[in-house]
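Asks: pasting the structure only:
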């Protein structure tokens, strides 16, 4: 192959599709210093409409990259969910209201912001970190992939670039923006006036100088984040399995003029006989309405509806009927579209662990649960660091199998939930208990509340694998892929950290910095920088016996060939591959960083920067923000502590005693290569 | 004058000096849509060193402009203050530790970030808002003022441009950066590597095309924010009153290598006989040390010390002596300087209320209390909206007299505090009760704790004036200026809002948006946009009698010639000059925005944007963040409520019953002109 195409350039990773899934992947690569090209055939990013709900877990991930604050500043926070149902006499009324995000599950709550802003935050973050790490991540628009080939012979060679792609740089004529093709680009004056100043530059087409030319690129990895009609998927010959449903829905993004009382709350509205709708309040006075279009029926033969007959006026009319007797009008429509729910999952998420698919390319479903963009981003959040580790030859290629095992299973669960939820939402309310064709609204509420935890993104529980040391069957807990192989999986001692289930994201509680006393959510220190973390719950270090245990643990870690030394290059900082973070339970004011903790736990930093004061934390009460209940929250014994290994994406991988050095050794032997 | 200089351009406001005080003023003008030119002879903004403590009140002000989040993300939050004193046997030990910011006084805590970043935030904010409001605020560097003249005859004409300035646009040779002149530009490799990406552009000198030329500009107002050696002040012939002290201090910004345990806390260190120092931990591992230099003595005749003999090595050596037996070294010095404390206040803060002075131009003092930059910024925060109102002819020019009355008094208080604090800090600790020459460290602690409230910026209490309707003597409560004149000052009914003292900044508590249920700190809605606010504590609106009172209050406000209508142009939104914000005390879930509140309280927005859902708040418990104690916090009766008028800068101006329409009328008649 190299002989055939000598003019080919090389890059570590090619990402096809610069939507949220592709941008999330590029963000990982920028943070970990990987060379990557993010290609999109569109000329600009999205400015209006599209997916916009942001789950709790998604915002935690944004925080780990450093831009959750921008979401917090611009997004609309949804506090309340109201259910509007017909009264016994058929009149619409507010039946229930409850918190939109279950209380206590996260510091973040479901928020809404249009996709264009989220893409902006990703792009800025990629630019910042690519410069810091020297990653060389380029975002190239107006680039169309023409072909993709994998050299199967070198697929398992860690030094090879087995994927070859031919790309075409589009001319201005070829690059008609996707948005105007879709027929949904209403965009009145509000569009540009709502545009943030930092977006205006993106409206100007930038010329690359390569327009009209073709190019060959060879990559170690290619990821297709190119949406429901994925070109990468079709090139690989993979399919989505599932069927479209009978339900046609319209979407309106408007500034409503209405006397409906809950227009600034998320609402489900089931009318007696005029269909359903969902209200999603948004930033900048916008409201998104998902409106059931009962009058548009799918073709009996193809199962597909003719969407060309749908107009914003038709969607408004349907909404007005559903909301009666309340009135609804608008003068400003930001965006609109119509869709037919299709619930489908891809059969395979990768080919030879060299070309991967993520996001809508491998799962489609209804947008109303605010899941699509989130699950898509979390796909590539799961994948990005694994690819980075393999490119950097830190990890064996076998870990890449866990991507399909972990994420295909999530997609299957999502589709099952969406199927149930959509049916209940689209159905006509039952008149009484005998009305079996109708939907029982009590059941709708039950499913909704059950689904809220799922929808938060926090219930994800990855199965047993070489990255998740827990009991059970790896195949049953995943999608059936073998993700253990020859690895010796030592079961974690889950009882030592009762509330940190292995396979789930490591939870967060407030702790204080030992030196400065500043309160932090511990999660704020689990940054997405590609490092594993060992959280040393050091217990009560003022106790002589426990102090001894901690010192012994550190001595073991510092021995040649230890779980720490084996995987850390000699010329790199001791924290560069696996970072040790300590949380102790003694009183902060009775403890001194330098006296009570071995140097390994607060190492001298490179370049004569003195001691590292940001590694040792304490579970104690702060001056201004209370607390001191982190051990209780994590479910860890305050006297004896324990050791928890956390994956680079924040999921718990292993739990053991301070003496379980062998377990830690096995865990990292599975995740990482020796140096 | 116009005949003499026909080529003169006009601008509403010229600001001399683009430091924090000047930038704060320009920010006000950008937010209120005023045409202004901000001039600085330096070529770039500050990148290192300089003042860096940010008080609570300063951060509240930043929030009101929309950039407190950037401080929160980058600054070091100081949690703890430690006092290190000699033990009876003379050995240095930690004597006390307590919260650096008194508990409960503000959502913000004292934070540290170097001035360059703060200037960056201002510049970005000015750019953003000047574009939104069409203000046309330009920041011009390398521009030197040559002369300034005031036409006294037209000084009171609101349409006149009575101030004429000649400016020189410097050539590259003339524009040697201030920083390299000061001799303190150590800046090792850390300097550029610590530079945030959004700052690098500022290192490149931008040419204006006017280099070497002179220009005449005529302005309505000129503000000198040009520092302790103010050119504007000397042109006006005004003086600073006060004397330099005997104390010489050195400042080092370093990354310390030390075994001193409290290097990440703010500390005062009094050694037995080797002087004092203060530790100020900072962002990016930096620490600022203020070090007393006992070996450098001021000249007996001039009272001034020879600072040329001071080097960073000398400062380090003095610090090492003070900190012994702890060790201190460094490899990275970011910046250093030395200063002699001088406590001085300007005799006059303005000439004819056409040329003003702010910041260091009218008060100098020691930097250790973290006051300087904060008080300077708060000077121009006090002044900016008043100038804007006069330029826009919304307000009578008489309100400008309140600037000197309010801020000169603050400067006097500051100098009195600084005098006491500096003496106690610089003095040798007393050996015992009989040692009268020594400093009683118990007294030092007392003064420090008393001063903490002062240092937070939250104890500011502006005196009686046309803008502050309260009891007492306007002259005694201010600096002696007459700030009442012929105005009929109706005393507020302070007892109706016990915890909102008239003249102090309106406090903040959590309230919920009535429509969406989202919790907000009420202060987040007191944006610095130039509007007065009337906070209607509507009480229990579900009570019929109270409901009637609220409706009557609204009817009165909507009458022709009312306090609201008199000052609001007919073609402008009803909220454009005075914004009404409502906080009620009924249960949120039993109240409906459209049914229970007159339209005036949630008016239809311009441009067919529907009802305004962001004007009515409720004192109720949120789903995720508790509370429902705002009425209690404000000290307002939950049943009957009251009415509070708040100035554009957030200070309480008037308090009355819902029936005290005449009082409200008098208040706004004093603050605002009729349209």
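Replies: Arrived safely, thanks for sending. The shown structure was predicted, so the numbers you read here are calculated from the model rather than taken from an experiment. Numbering: from 1, shown residues only, chains lettered A, B, ... in the order given.
Asks: Next SSE downstream of the helix ranked longest in chain A?
Replies: If you go by DSSP state H, chain A has its longest helix at helix A:401-426. Later in the chain than helix A:401-426, the nearest helix or strand by DSSP states H and E is helix A:441-455.
Asks: May I see the buried residues of that following helix?
Replies: Buried residues in helix A:441-455, counted by 16 or more other CB atoms under 10 Å in any protein chain shown: A:441, A:444, A:445, A:447, A:448, A:451, A:452, A:454, A:455. For glycine as for every other residue, the C-beta is placed from the backbone atoms N, C-alpha and C.
Asks: chain center to it: distance?
Replies: Relative to its chain's centre, helix A:441-455 lies at 22 Å (CA atoms, centre = their mean, to the nearest Å).
Asks: same check, this time on stretch A:235-246
Replies: With CA atoms, centre = their mean, you get 23 Å for stretch A:235-246.
Asks: Ok, stretch A:463-471 next?
Replies: Stretch A:463-471 sits 20 Å away from the centroid of its parent chain (CA atoms, centre = their mean).
Asks: mind listing what's buried in that stretch?
Replies: By 16+ other CB under 10 Å, the buried positions in stretch A:463-471 come out as A:463, A:464, A:465, A:466, A:467, A:468, A:469, A:470.
Asks: Out of those residues, flag the one nearest to residue A:608.
Replies: Nearest to residue A:608 among the buried residues of stretch A:463-471 is residue A:467, at 36.5 Å by CB to CB.
Asks: circling back to that earlier point, what packs against the longest helix of chain A?
Replies: If you count contacts as 3 or more CB pairs under 8 Å, 6 or more residues apart in numbering or on different chains; DSSP states H and E, helix A:401-426 packs onto strand A:240-258, strand A:276-281, strand A:328-346, strand A:363-364, helix A:372-391, helix A:441-455.
Asks: Adjacent strands (with direction) for the fourth one?
Replies: Strands flanking strand A:363-364 in the sheet, each with its direction: strand A:328-346 (antiparallel) (DSSP bridges).
Asks: rewinding a little: quick check: angle from the longest helix of chain A to strand A:328-346?
Replies: Angle, helix A:401-426 to strand A:328-346, by axes from the mean of the first three to the mean of the last three CA atoms, to 10 degrees: 140 degrees.
Asks: how far out from the middle of the chain is helix A:401-426?
Replies: Distance, centroid of helix A:401-426 to centroid of chain: 15 Å (CA atoms, centre = their mean).
Asks: which parts of that helix are buried?
Replies: For helix A:401-426, using 16+ other CB under 10 Å, the buried residues are A:401-411, A:413-415, A:417-419, A:421-422, A:424-426.
Asks: Any stretches of chain A with poor pLDDT?
Replies: By pLDDT under 70, the low-scoring segments of chain A are A:1-6, A:45-49, A:51, A:176-207, A:368-370.
Asks: mind giving me the domain ranges of it?
Replies: Domains of chain A are assigned by automatic domain parsing as A:9-78+A:108-181+A:204-239+A:344-408, A:244-342+A:415-455, A:492-671.
Asks: which one of those domains has the most crowded surroundings?
Replies: domain A:9-78+A:108-181+A:204-239+A:344-408 (a mean of 21; mean count of other CB atoms under 10 Å in any protein chain shown).
Asks: Could you work out the end-to-end span of it for me?
Replies: Terminal residues of domain A:9-78+A:108-181+A:204-239+A:344-408 lie 32 Å apart, using CA to CA, to the nearest Å.
Asks: I'd say residue A:243 and residue A:303 touch.
Replies: Yes. Using CB atoms under 8 Å, residue A:243 is in contact with residue A:303, at 7.1 Å.
Asks: Report the contact partners of residue A:559.
Replies: Residue A:559 sits next to residue A:565 when contact means CB atoms under 8 Å, 6 or more residues apart in numbering or on different chains.
Asks: and it, how far is that from residue B:562?
Replies: 82 Å (CB to CB, to the nearest Å).
Asks: again with residue A:10
Replies: From residue A:10 across to residue B:562, the span is 74 Å (CB to CB).
Asks: returning to what we had before: redo the buried residues of stretch A:463-471 as a markdown table? Include distance to residue B:65.
Replies: Below are the buried residues of stretch A:463-471 laid out as a markdown table (distance: CB to CB, whole Å):
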| residue | distance to residue B:65 |
| --- | --- |
| A:463 | 50 |
| A:464 | 52 |
| A:465 | 50 |
| A:466 | 51 |
| A:467 | 46 |
| A:468 | 47 |
| A:469 | 50 |
| A:470 | 50 |
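Asks: what's the distance between residue A:611 and residue A:619?
Replies: 21 Å.
Asks: cool, residue A:419 as well?
Replies: Taken as CB to CB, the span from residue A:419 to residue A:619 is 43 Å.
Asks: Please apply the same query to residue A:540.
Replies: Residue A:540 sits 10 Å away from residue A:619, going by CB to CB.
Asks: okay, and the common contacts of the two?
Replies: A:584, A:585, A:638.
Asks: from memory the first one sits against residue A:616, does it?
Replies: Right, the one you point to is residue A:584. Yes. Using CB under 8 Å as the test, residue A:584 is close enough to residue A:616 to be in contact (7.1 Å).
Asks: quick one: common contacting residues for these two?
Replies: What both residue A:584 and residue A:616 touch, as defined by CB under 8 Å, 6+ apart, is the set A:514, A:597.
Asks: how about the residues of the stretch 1-150 of chain A near chain B?
Replies: A:69, A:72-73, A:76-80, A:97, A:99, A:101, A:103-104, A:109, A:127-128, A:131 (CB under 8 Å from any CB of the partner chain).
Asks: show me what contacts the nearest residue to residue A:648 once chain neighbours are set aside?
Replies: Leaving aside its sequence neighbours, residue A:648 sits nearest to residue A:385 (CB to CB, 6 or more residues apart in numbering or on different chains; 4.3 Å). Counting by CB under 8 Å, 6+ apart, residue A:385 touches A:28, A:32, A:528, A:530, A:647, A:648, A:649.
Asks: Residue A:391 contacts residue A:219, correct?
Replies: No. Contact criterion CB under 8 Å: residue A:391 and residue A:219 do not qualify, at 10.1 Å.
Asks: joint contacts of these two?
Replies: Residues touching both residue A:391 and residue A:219 (CB under 8 Å, 6+ apart): A:12, A:13.
Asks: Tell me the spacing between the spatially most central residue of chain A and chain B.
Replies: Geometric centre of chain A, nearest residue: residue A:378, 2.6 Å, by CA atoms, centre = their mean. Applying CB to the nearest CB, to the nearest Å, the value for residue A:378 to chain B is 23 Å.
Asks: Contact partners for that residue?
Replies: Residue A:378 neighbours (CB under 8 Å, 6+ apart): A:57, A:58, A:61, A:407, A:410, A:457, A:460.
Asks: Same question for residue A:108.
Replies: A:56, A:59, A:60, A:63, A:68, A:101.
Asks: for the third one, phi and psi?
Replies: Here the main-chain torsion angles of residue A:60 (degrees, to the nearest 10) amount to phi -60, psi -40.
Asks: Next one: the residue located most distally from the centre of chain A from chain B, what distance?
Replies: Here chain A reaches farthest from its C-alpha mean at residue A:89, the gap being 44.0 Å by CA atoms, centre = their mean. Look at residue A:89 and chain B: by CB to the nearest CB, they are 21 Å apart.
Asks: Now the phi/psi pair for that residue, please.
Replies: phi -90, psi 10.
Asks: So which bits of the stretch 451-600 of chain A are right by chain B?
Replies: Residues of the stretch 451-600 of chain A lying near chain B by CB under 8 Å from any CB: A:513, A:515, A:516, A:517, A:518, A:519, A:589, A:592, A:593, A:594.
Asks: Save those as JSON lines, and put in distance to residue A:22 and secondary structure too.
Replies: As requested, these are exported to JSON lines (distance: CB to CB, whole Å; DSSP: H, G, I helix; E, B strand; the rest coil):
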{"residue": "A:513", "distance to residue A:22": "36", "secondary structure": "strand"}
{"residue": "A:515", "distance to residue A:22": "40", "secondary structure": "coil"}
{"residue": "A:516", "distance to residue A:22": "39", "secondary structure": "coil"}
{"residue": "A:517", "distance to residue A:22": "41", "secondary structure": "coil"}
{"residue": "A:518", "distance to residue A:22": "36", "secondary structure": "coil"}
{"residue": "A:519", "distance to residue A:22": "36", "secondary structure": "strand"}
{"residue": "A:589", "distance to residue A:22": "49", "secondary structure": "helix"}
{"residue": "A:592", "distance to residue A:22": "48", "secondary structure": "coil"}
{"residue": "A:593", "distance to residue A:22": "43", "secondary structure": "helix"}
{"residue": "A:594", "distance to residue A:22": "46", "secondary structure": "helix"}
